[in-house]
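Asks: Could you work out the structure for the sequence below:
(one chain, ligands or ions: 1)
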Amino acid sequence: MTRTIIKGLGSFLPDNVVTNSDLEKIMDTSDEWIQERTGIKERRWISNRSETTSSMGCKAAKKAMEMAGLGPSDIDFVIFATLSPDYYFPGSGVLVQRDLGLDNVGALDLRNQCSGFIYGLSVADQFIKTGMYKNILLIGSEFHSGALEKSTNGRSVTVIFGDGAGAVVLSAAEEGEKGIISTCMHSQGEHAEALMIKGPATGVWVDELLEKENYGEPEWRPYMNGNFVFKHAVTRMPEAIQEVLDAAGKSSADIDLLIPHQANLRISAMVQKHFNMSDEKVFNNIQHLGNTTAGSIPIAMTQAFEEGKLKRGDLLCLTAFGSGFTWGAALLEF
Ligand SMILES: CC(C)(COP(=O)(O)OP(=O)(O)OC[C@H]1O[C@@H](n2cnc3c(N)ncnc32)[C@H](O)[C@@H]1OP(=O)(O)O)[C@@H](O)C(=O)NCCC(=O)NCCS
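Replies: Purely as a prediction, here's the structure:
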């Protein structure tokens with residue numbers, strides 16, 4: 001069966017840097033609290049609606065296509081992972097097809113939040129392995145800042161999230177290239193309401209929301225049971241890593257670089273400790289970007305590659321956990 005390789009990668013970040021001290025001015029929080037609990041020093045937030053989820057995705061995708069040496073007519077399929085799409089419908093994948101001038105190829109939107117990139121990687125891998133597609137554009141992009149409540153009421157969620165996009169071009173491997181070795185995907189819907197934005201959706205429609213806001217919490221803001229999410233994340237991510245290692249007949253000592261979804265520096269540290277890995281083998285950039293959800297892994301991969309920390313031939317392990325709950329991992333030779 002054909003293997004899937006990452007032929008190109010790229011990222012895009014809005015220019016506007018929001019530091020913890022900027023947040024101190026608009027809510028009751030402190031740089032000390034945020035850094036101690038999450039490791040985050042600053043994040044990027046789109047200013048004045050200068051970007052959209054799909055426009056950031058397109059910019060990241062262009063860089064990935066350039067690195068892959070591919071043009072619009074070479075792309076056979078688009079997968080767009082996001083929890084913050086441009087529109088309620090249609091999805092953002094079709095906007096990428098339009099704005100990048102791709103042929104009338106299929107465009108699939110994935111709604112798996114922080115695990116969206118891992119899910120997308122696994123889905124793309126199946127299409128390439130079976131020979132259905134040769135080059136797939138996979139994008140993870142989030143425009144969180146528009147929905148965050150920028151006051152003390154929203155502080156436990158707002159300080160964590162940032163905007164940004166990452167993209168990869170996945171292609172059929174040539175002779176001798178290894179690429180994706182194993183992936184896994186999981187979900188546990190009994191905890192769907194532990195991390196969510198309730199509406200507007202068919203469960204709670206716009207007029208209901210407007211009515212409720214007059215006497216209650218606005219339900220279109222993100223809700224997160226932080227402690228509960230944290231406990232599950234530090235259990236599920238190691239489980240998923242072990243699963244992809246076992247499937248490949250490898251051990252954690254074989255991993256050259258681990259890129260965990262950037263949810264919280266303490267979560268990454270606990271995953272690192274679980275496998276007794278050295279600091280050089282685990283890549284984190286949450287300190288400067290916050291949690292960019294579906295964008296976090298491809299943005300981190302791009303940065304690690306640009307900094308020479310991720311090299312061709314490295315055994316790369318990726319893992320994510322998030323709303324749903326959903327989680328997963330991927331093991332690949334980069
Ligand atoms: C959100 C998170 C950082 C909160 O850290 P925590 O140690 O669990 O803190 P708690 O929620 O218990 O809150 C502790 C106190 O800090 C307060 N607090 C919350 N946010 C605050 C902020 N931004 N600044 C200052 N104080 C804050 C709380 O009100 C609470 O005060 P209280 O004790 O007087 O009630 C942490 O739970 C977390 O990272 N969870 C996982 C999040 C995640 O990964 N989400 C994405 C999924 S991929």
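
Asks: What separation do you get for Asp99 and the ligand?
Replies: Asp99 is 28 Å from the ligand, where distance means C-beta to the nearest ligand atom, to the nearest Å. C-beta here means a position set from N, CA and C on the backbone, and glycine is covered the same way.

Asks: quick one, domains of the chain?
Replies: 4-177, 180-333 (automatic domain parsing).

Asks: starting at the chain centroid, how far to the shortest one?
Replies: It stands for domain 180-333. 7 Å (C-alpha atoms, centre = their mean, to the nearest Å).

Asks: How about the residues of this structure by the ligand?
Replies: Contacts of the chain with the ligand, taken as C-beta under 6 Å from any ligand atom, map to 29, 33-34, 37-38, 114, 155-156, 159, 195, 224, 226-227, 229-230, 233, 263-264, 267, 291, 321-322.

Asks: ok, then the element right after the worst-scoring helix or strand of the chain on mean pLDDT?
Replies: The weakest-scoring helix or strand in the chain, judged by mean pLDDT, DSSP states H and E, is helix 206-213 (a mean of 77). Beyond helix 206-213 on the C-terminal side, the first helix or strand identified by DSSP states H and E is strand 223-224.

Asks: For that following strand, name the packing helices and strands.
Replies: helix 155-158, strand 195-196 (3 or more C-beta pairs under 8 Å, 6 or more residues apart in numbering; DSSP states H and E).

Asks: where in this structure is pLDDT low?
Replies: Low-confidence segments of the chain (pLDDT under 70): 213-217.

Asks: Centre-most residue in it?
Replies: Ala294 (2.1 Å; C-alpha atoms, centre = their mean).

Asks: ok so, going back, which of the residues in the least confident helix or strand of the chain are buried?
Replies: Neighbour counts over helix 206-213 (16 or more other C-beta atoms under 10 Å) mark Leu209, Lys212 as buried.

Asks: helices or strands next to it in the packing?
Replies: Counting contacts by 3+ C-beta pairs under 8 Å, 6+ apart, helix 206-213 is packed against no other helix or strand.

Asks: Single out the most deeply packed of the domains of the chain.
Replies: Scoring the domains of the chain by mean neighbour count under mean count of other C-beta atoms under 10 Å gives domain 4-177 as the most buried, with a mean of 20.

Asks: what about that one, how long is it end to end?
Replies: Using C-alpha to C-alpha, to the nearest Å, one end of domain 4-177 lies 9 Å from the other.

Asks: Now name the helix or strand holding Asp109.
Replies: strand 106-110.

Asks: Helix, strand, or coil at the residue lying closest to Ala192 once chain neighbours are set aside?
Replies: On the basis of C-beta to C-beta, 6 or more residues apart in numbering, the spatially nearest residue to Ala192 that is not a chain neighbour turns out to be Gly324, at 6.4 Å. Classification of Gly324 by DSSP: H, G, I helix; E, B strand; the rest coil places it in coil.
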